[in-house]
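# okay, predicted coordinates and the sequence, questions at the end:
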Amino acid sequence: MTQSVVVQVGQCGNQVGCRFWDLALREHAHVNKKGLYDEALSSFFRNVDSSKCDGEAHFVGGRIQHLKARAVLVDMEEGVVNEILQGPLREMFDSTQLLTDVSGSGNNWAVGHMTYGSAYREQIVDKLRKAAEHCDCLQCFFLIHSMGGGTGSGLGTKVLSLLEEEFPEVCRIVTSIYPSAEDDVVTSPYNSILAMRELTEHADCVLPVENQSLVDIVKKIKHMSHSGKPGTVIRRESAIISGQGGLIGAEKPFDAMNNIVANLLLNITSSARFQGSLNMDLNEIAMNLVPFPRLHYLVPSLTPLYTLADVSVPSRRLDQMFSDAFSKEHQLIRADPKHSLYLACALMVRGNVQVSDLRRNIERLKPSLPFVSWNQEGWKTGLCSVPPVGHSHSLLALANNTCVKTTFMELRERFTKLYRKKAHLHHYLHVEGMEQSHFSEALSSLSSLIEEYQQLDATKGRLMPDAPRLRIAR
Amino acid sequence: MSVVTVQLGQCGNQVGQQLLHSLLCDAQDGQRKELCTASRERFFHQDTHGELVARAVLIDMEPKVINQSISRAARSGMWRYGETSHFSQKQGSGNNWANGFCVHGPAHREVVEELVRREVERCDRLSGLLAMMSVAGGTGSGVGTYVTQCLRDVYPKSFILNHLTWPYGTGEVIVQNYNSVLTLAHLYQLSDAILVHENDTVHQICSQLLNIKHISFADVNSVIAHQLGSVLQPALTADSQGAYSRNPLGELVSALCCHPEFKLLSVSSIPQVPLASMAYSSFSWPSLLKHLRQMLISNTKMEEGIDWQVRPPAAAERSRSLTAGSFNTSLANVLILRGKDVYSAETAGFEDPALYSSWLSPQEAFSVWKSPVPFNKYEKSATLVSNSQALLRPLDSMVGGAWNMFASRAYIHQYTKFGISEEDFLDSFSSLEQVISSYKELR
């Protein structure tokens, strides 16, 4: 089995990361009854013998002594990381995995990327190297960050380009939290667009998540659980927003939303951690879902959002789960894939689901989903036998769909509103290494990305003739 | 003479294990000692404790499937794999042919060649190498092709037969058409014969003939193992002069693949009934052979749904391809009959010149192998290995799908980053268009 390393950068990145580790432990505790350090655990955790002074990791198969997360935590303020280190998860991280500073990036991408990026370059590479060395066979880096701020956005994308430089063969999957329109950070459009360019050029796969979608999902679940109708009581720990059963007790404000993203990461890595009849390795995700190198933005959607507590109410039919995965309410970005063009789609199923169920549902849903002409059969499927905590089965759909262009176009609009007036620009241009050309280049990178999606979109609905085949001279 | 089996990737390792198992079970079952000895010698050798050890090498880029195959074999109590006859890594090929062929293959070349060499040296006489793999993924297809290339270099005079499993049409891997095209184009230059099973066809056999409700890959693999086993289990051939043939791969290749442009072989087997119904079924050679012949002509792989309207064209019509659509022209056929009263079976129907292209006389194009010992509990069974237009349509749709994708250059960057260029793709496409054209023109 292979290992993955999680790199969490900035306030948002670290908070989501913290939820991820909490829920991951909960999931493994649920499955691993014997307390043995197995292959599944080793993909995200090291097993360390704390009595030995250099804490050499134990081999797979032994008893769990002391689990350490395969993670690197980076933040230019101390608040969030300190909180983690004072909480129940503190034992999972040792000081060699942390990088902090005191003053923060002031919501300024340039400060994060240029100033801190160059100041901490050596240290970051060093910590990444150490994490990689602990791995037998490192397959993937997961980067978690937000786009709207300064550290996650600026330093986070710097880390991304360092990952590409130092570990070119290791897959880079980035989970990026995009700001909503009413974001309280005024310069978030600048930060986002500057970061977008880095994502387009250096990431293998990006899972964009919009805050607004998370808010909507939280609202929906809270509404459901408070509706008081009989038969609608939700099993607490099954809700996708719940941290129930994890180590950290009290729930904090953004926890519900962050739990959703943590669940996304758990589901995408489930096939890499647990056995199944049709394993989907992480490198297969990039291989099958990314037909063109820059078009690697995958729309995630998760179902089910919760299971009902009352077991006498029949659980929602399996087929309903598949239909839900393609409904807007379960997507983590606000976009309309059904009316745009699918380039490819992956279905990662967990739990007791058979290949025949999978095939049947694909046949059923295919007619209503427009696929690009050269990829009519563009489905990649994976089956993992271990369901998430509180559910009997679940589904994560990752769609490479041209609908992301609307998200990007909105972002571009918000950017242009500020840029036209040169609002706040001086904060950026004062930073050493930052120039106006960075802005214009980032903008044109985004525009050409949108253009690529437009061109594919233009083929939608048109009957594309088969390309004429090679003819053999006789 | 012995056959060394090289199992590559998940599919190759799963099917290979089932094949060896069913060959051994069948040999032990049968009453004839001579057959049993011949079969065992062909696929197994005895270690110092008298245990049967397979003449096989297991290769995969991740360990799970190999471990499963090895433990399944050991659990049978009848045979096992050699303790050191396997090689695996930690991380798979990511469904990427280029990763398998350009990176993993070369990286592990020496180890793999060494493993095969050890098995080959253990054989008194080597009949040839059987490489088993799928074409849709990354390891079986990419590493499998590279290994075949190495084997061709190291054993230039030996027969190499590749057994390929073609994926379901509604794919489970999006880039399966690319992987298939690259594999087939390369193997065509390296292999002596390419024997193909299609998942879709075998799946239909499972559901319609064997009445299996929830079909798993184990069911599919067991049908493939049965069909392949009925070809490879020893039989009496025209050349073997009353003894069991000692050169199965050589005889198969010389009977069927007389022209380098025509190497694709398909297999049909009759009867295929659920085990539970066997006691209630009786078969007659005339009926079995009549159905099998029509299956050949109308290109149906099952004894259900045969189109009896299809007839071979009369001699005068042959130059005008009137019935080009439904009639399946053969280049050559090998019919293998096993079971009771096998010497009374009348096979003249297969010697009809109308079935064949005009280059070979029916005597040259058609061979019969016989064995009086029943195979796999079927009192009478007939298997046809055919070099014909049967695989033309699936091959054409595979190439068509890949070409459409290639026209948009979709996914190509995933291959170029490992060293396969657009030129390589174009070369593979032209080789296969050539093969398609040759089979289409077969008259």
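Noted; the coordinates are in hand.
# residue numbers of the stretch 51-200 of chain A in contact with chain B?
A:136-137, A:139 (Cβ under 8 Å from any Cβ of the partner chain). Using the backbone N, CA and C atoms, a C-beta is placed for each residue, glycine as well.
# filter those residues down to just the buried residues.
A:Gln139 (16 or more other Cβ atoms under 10 Å in any protein chain shown).
# and of the residues of the stretch 51-200 of chain A next to chain B, the nearest to chain B?
Distances from chain B to those, taken as Cβ to the nearest Cβ, are shortest for A:Cys137 (3.9 Å).
# just checking, that closest one touches B:Pro63?
No: counting by Cβ atoms under 8 Å, A:Cys137 stays clear of B:Pro63, with 11.0 Å between them.
# which neighbours do the two have in common?
Jointly contacting A:Cys137 and B:Pro63 under the rule Cβ atoms under 8 Å, 6 or more residues apart in numbering or on different chains are B:Lys90.
# which element, helix or strand, includes B:Val173?
Under DSSP states H and E, no helix or strand contains B:Val173.
# for it, give me its contacts.
B:Val173 makes contact with A:284, A:288, A:380, B:95, B:136-137, B:167, B:179 under the criterion Cβ under 8 Å, 6+ apart.
# please enumerate the strands of chain B.
Under the criterion DSSP state E, chain B carries strands at the ranges B:2-8, B:44-46, B:52-54, B:56-60, B:79-80, B:86-88, B:126-134, B:159-166, B:193-198, B:264-270, B:330-339, B:366-371, B:380-388.
# I'd like to know which elements the first one is packed against.
Here strand B:2-8 is seen to pack against helix B:9-29, helix B:33-43, strand B:56-60, helix B:109-122, strand B:126-134, helix B:144-154 when contacts are counted using 3 or more Cβ pairs under 8 Å, 6 or more residues apart in numbering or on different chains; DSSP states H and E.
# among the ones you listed, which comes closest to chain A?
Distance to chain A, taken as Cβ to the nearest Cβ, is lowest for helix B:9-29 among these, at 9.2 Å.
# how about the closest one: buried residues?
Applying a neighbour-count criterion of 16+ other Cβ under 10 Å, the buried positions in helix B:9-29 are B:9-27.
# now for that helix, which elements pack on it?
Using 3+ Cβ pairs under 8 Å, 6+ apart as the contact criterion, the neighbours of helix B:9-29 among helices and strands are strand B:2-8, helix B:33-43, strand B:56-60, helix B:63-76, strand B:79-80, strand B:126-134, strand B:159-166, helix B:217-232.
# the same query, at a cut-off of 6 Å, please.
Helix B:9-29 is packed against strand B:2-8, helix B:33-43, strand B:56-60, helix B:63-76, strand B:126-134, helix B:217-232, with contacts defined by 3 or more Cβ pairs under 6 Å, 6 or more residues apart in numbering or on different chains; DSSP states H and E.
# need the winner for burial among these.
Sort these by mean neighbour count, taking mean count of other Cβ atoms under 10 Å in any protein chain shown, and strand B:56-60 sits at the top with a mean of 28.
# got the angle between that one and helix B:144-154?
Angular relation of strand B:56-60 and helix B:144-154 on a 0 to 180 degree scale: 140 degrees, by axes from the mean of the first three to the mean of the last three Cα atoms, to 10 degrees.
# centre of the chain versus strand B:56-60, how much separation?
From the chain centre to the centre of strand B:56-60 is a distance of 17 Å (Cα atoms, centre = their mean, to the nearest Å).
# leaving out sequence neighbours, find the closest residue to residue 99.
In the absence of a named chain, chain A is used. Computed as Cβ to Cβ, 6 or more residues apart in numbering or on different chains, the closest residue to A:Leu99 that is not its neighbour in sequence is A:Val74, at 4.7 Å.
# wrong one, I was asking about chain B
B:Ser93 is the one closest to B:Asn99 (Cβ to Cβ, 6+ apart), at 4.6 Å.
# correct me, but the one you found touches B:Gly138?
Yes: proximity of B:Ser93 to B:Gly138 meets the contact threshold set by Cβ atoms under 6 Å, at 3.0 Å.
# sorry, back to before: can you redo the helices and strands packed on helix B:9-29 as a markdown table with mean pLDDT and distance to A:Glu27?
Converted to a markdown table, the helices and strands packed on helix B:9-29 look like this (pLDDT from 0 to 100; distance: least, Cβ to Cβ, whole Å):
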| stretch | mean pLDDT | distance to A:Glu27 |
| --- | --- | --- |
| strand B:2-8 | 95 | 34 |
| helix B:33-43 | 89 | 45 |
| strand B:56-60 | 96 | 28 |
| helix B:63-76 | 90 | 21 |
| strand B:126-134 | 95 | 32 |
| helix B:217-232 | 92 | 28 |
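# for B:Gln363, which of the ones you listed is the nearest?
Distances from B:Gln363 to each of those were compared by Cβ to Cβ, and the smallest falls on helix B:217-232, at 21.4 Å.
# show me what that closest one is packed up against.
Helices and strands in packing contact with helix B:217-232 are listed as helix B:9-29, helix B:199-204, strand B:380-388; criterion 3+ Cβ pairs under 6 Å, 6+ apart.
# turn the ones you listed into TSV, columns for mean pLDDT.
Conversion of the helices and strands packed on helix B:217-232 to TSV gives the following (pLDDT from 0 to 100):
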stretch	mean pLDDT
helix B:9-29	91
helix B:199-204	90
strand B:380-388	94
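# may I see the ones you listed arranged in CSV, with distance to A:Cys403 as well?
Supplementary listing: the helices and strands packed on helix B:217-232 in CSV, determined by distance: least, Cβ to Cβ, whole Å:
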stretch, distance to A:Cys403
helix B:9-29, 35
helix B:199-204, 33
strand B:380-388, 47
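# mind checking which of these is nearest A:Leu425?
Comparing the helices and strands packed on helix B:217-232 by their distance to A:Leu425 (Cβ to Cβ), the top pick is helix B:9-29, with 55.4 Å.
# so what's the gap between that closest one and the chain middle?
Averaging C-alpha coordinates over helix B:9-29 and over its chain gives two centres that are 13 Å apart (Cα atoms, centre = their mean).
# report the inter-axis angle for that helix versus helix B:33-43.
Relative orientation of helix B:9-29 versus helix B:33-43 (the same axes, to 10 degrees): 160 degrees.
# related to what we said a few turns ago, pairing partners for the helix or strand hosting the residue nearest to A:Leu99, with directions?
When elements are defined using DSSP H and E, A:Val74 is found to belong to strand A:71-75. Sheet neighbours of strand A:71-75, with direction, are listed as strand A:3-9 (parallel), strand A:98-100 (parallel) (DSSP bridges).
# run through who's touching it.
Contacts to strand A:71-75, defined as Cβ atoms under 6 Å, 6 or more residues apart in numbering or on different chains, come from residues A:6-9, A:14, A:81, A:97-100, A:127, A:131.
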